[in-house]
Every structure is written in C-alpha cells, then in structure tokens.
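J.: Provided below for reference: sequence and predicted model.
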Amino acid sequence: MRWINFSLPGSGRQAYGTLDENDQVREIRGIPWAEHEFTGQRHGLSDVKIEVPVVPPTFYAAGLNYITHIREQEALAGRKVNVPPQADIGYRAVNALVAHEENVVIPEDATHIEYEGELVVVIGKKARNLSEAEAMQCVFGYTIGNDVSERVWQRADRTFWRAKNSDTFKPMGPWMETEFDLARAQTRVSVNGEVKSHFDTGDMLFNIPTFLSRMSRNLTLYPGDIVWMGTDGHSPKLDHGDTVEVDISGLGTLRNTFVRA
C-alpha cells in the first residue's frame with residue numbers, strides 16, 4: 001500500500017491518505033502505523049501538496065554501507081578508507097528534511113555540494129532487543145532520501161553538523177510504500193535528466209535486519225523513526241539550477257531542484 005502525507009493548498013490542513021493507481025488520495029484520520037479510519041474524503045494527487053512522509057522522533061543514518069562507494073571515496077581522498085567492521089549507525093537532523101519537489105538551498109558559503117540517493121526504512125512498531133530474524137517485524141514501509149552533503153565542510157568540521165544537516169539538505173519522499181521487493185530494486189540517480197548513478201539497492205555491506213538488530217540492543221526504536229541505509233556510486237558537483245531525481249524501483253521518484261541562497 002502507498003501512503004502519502006499531504007496538505008491542501010490554502011487551508012493549511014495536513015493529513016495522511018492512501019494513494020491508488022488512479023492518483024486518487026483516500027484521506028484518513030490518524031496515522032498509518034497506528035489506529036486510523038478513512039474519512040470518506042478523496043483528493044486528486046494534482047490537487048494536494050506532497051509533504052515529507054514522516055517527521056521522525058529519531059533520524060538514523062548508516063554511512064559507508066556500499067563497497068563501491070567506499071572504493072570511490074578512497075580514490076577521491078587519495079588514501080585508504082577502512083571498510084566498517086560492523087553495522088554502526090549515525091544521526092541526522094530533522095530540521096534538514098524537505099519534501100518532494102521542494103528546493104534544496106545551497107548556502108552562500110558552500111562550495112562543493114553532492115547528492116546521495118538512499119533507501120529509507122520507516123519504523124512502525126516500538127522495538128528493543130530484536131534478533132535479526134525478528135527485525136523486519138518492526139518495519140512499516142519504505143521511502144526515498146537524498147543525503148545532500150557539502151564535502152569541503154565534511155572534511156573540515158569536527159562533526160557533520162553543517163555538512164550533512166544544514167536546512168533543506170535531506171529531501172525525502174514522495175510517499176511511503178509498504179509492499180517493496182528489495183531483492184529486485186534498482187536505484188538510479190539523475191541530474192537534469194541524465195543518469196549519473198545506478199546500483200542494486202539491496203547490495204549493502206550490512207543489510208536492514210543487521211542494522212535494526214544491532215541498534216535495538218542499545219536503542220529503543222519507536223514508530224515513525226527512520227533509518228537511511230547509505231548509498232553507492234559517486235555524485236558530480238551540483239550547481240544552482242540542477243534538478244536531482246532519485247528513483248528506486250517500486251517506490252517512485254524523489255525530485256528536488258538545487259538553488260543558491
């Protein structure tokens with residue numbers, strides 16, 4: 001099932017709904033992973049504004065989770081990048097989230113912006129101390145993320161507070177899909193209509209159950225939490241006016257334009 005978080009232009013009202021094959025949104029009262037009911041209202045997709053699928057209680061992100069990406073980072077840095085020995089998780093900031101078709105704003109003092117197209121896992125049940133065999137039971141669905149980075153800042157700062165978490169640096173959407181075949185999924189990232197990255201979405205160093213199981217030994221996962229699963233390939237330097245599309249088969253396409261502040 002495809003779930004969309006939307007608002008009605010001019011009203012300020014925001015709600016969830018299911019999206020059918022005819023681009024009709026069937027509105028609900030409540031949230032998808034908890035108690036809810038259909039209101040009886042329907043909207044055309046073209047008549048609503050797509051919002052960020054979920055504003056999470058906690059925003060997790062896996063780094064260096066695809067081998068090719070690690071090798072490319074080595075080549076760019078001119079030094080060896082260690083392959084992670086275990087599924088370590090990091091954090092991102094909620095302030096950086098923006099929706100499908102919203103602009104990514106390049107800060108005035110930024111000099112080298114890149115994309116990272118990623119699969120996003122949405123948690124639907126509170127969970128702790130999961131085995132790998134149990135881990136997928138807490139997953140509600142999936143969406144798409146673009147982990148925008150300022151690479152000069154990433155090398156210079158002691159933390160990633162600017163490089164990864166500046167306002168608008170985390171586009172996510174356009175919706176959440178509960179039925180997704182990771183084994184058959186392909187990720188394609190295009191800049192201005194030209195494919196720049198293409199990889200098997202599931203070709204991860206550490207898979208989803210491994211991350212969720214390891215995380216849950218020390219962290220309680222809550223409904224609405226999101227986990228970004230990393231990227232493969234290498235991004236070109238992005239400039240003012242570039243439009244980036246992240247397409248994951250079975251999930252749709254996340255599209256954002258980059259604009260200079």
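T.: Received the coordinates, thanks.
J.: in the stretch 101-250 of the chain, which spans are helices?
T.: Ranges of helices in the stretch 101-250 of the chain, per DSSP state H, counting those that start in this stretch, are 151-156, 208-216.
J.: Now the weakest link among these, please, by mean pLDDT.
T.: Ranked by mean pLDDT, the helices of the stretch 101-250 of the chain end with helix 151-156 at the bottom, a mean of 93.
J.: how much distance is there from that helix to the middle of the chain?
T.: Helix 151-156 sits 21 Å away from the centroid of its parent chain (C-alpha atoms, centre = their mean, to the nearest Å).
J.: hang on, the earlier thing: tell me the most buried of the helices of the stretch 101-250 of the chain?
T.: Across the helices of the stretch 101-250 of the chain, averaging neighbours per residue (mean count of other C-beta atoms under 10 Å) puts helix 208-216 on top, at a mean of 20. Placement of C-beta: from N, CA and C, glycine included.
J.: In the stretch 1-150 of the chain, where is pLDDT below threshold?
T.: For the stretch 1-150 of the chain, applying pLDDT under 70 flags the ranges 73-78.
J.: so how many other residues sit close to the closest residue in space to Phe199 that isn't next to it in sequence?
T.: Excluding the flanking residues, the one nearest Phe199 by C-beta to C-beta, 6 or more residues apart in numbering is Asp232, at 3.9 Å. The number of residues packed near Asp232 is 24, by other C-beta atoms under 10 Å.
J.: Now for Asp232: which residues touch it?
T.: Taking C-beta atoms under 8 Å, 6 or more residues apart in numbering, we find Asp232 in contact with Tyr66, Thr68, His69, Thr187, Ser197, Phe199, Asp203.
J.: Just confirm the first one contacts Asp200, I think it does.
T.: No. With contact defined as C-beta atoms under 8 Å, Tyr66 does not reach Asp200; the gap is 9.2 Å.
J.: Compare the two and say which is more crowded by neighbours.
T.: Taking neighbours as other C-beta under 10 Å, Tyr66 and Asp200 compare with Tyr66 leading, 22 against 14.
J.: And that one, how far from Gly224?
T.: Tyr66 is 26 Å from Gly224, where distance means C-beta to C-beta, to the nearest Å.
J.: what's the answer for Arg2, then?
T.: Taking C-beta to C-beta, one finds Arg2 at 18 Å from Gly224.
J.: just His43 next, same as before
T.: 23 Å.
J.: Check Val148 too.
T.: 22 Å.
J.: Mind checking which of these two has more residues around it?
T.: The residue with more neighbours, out of Val148 and Gly224, is Val148; 28 against 19, by other C-beta under 10 Å.
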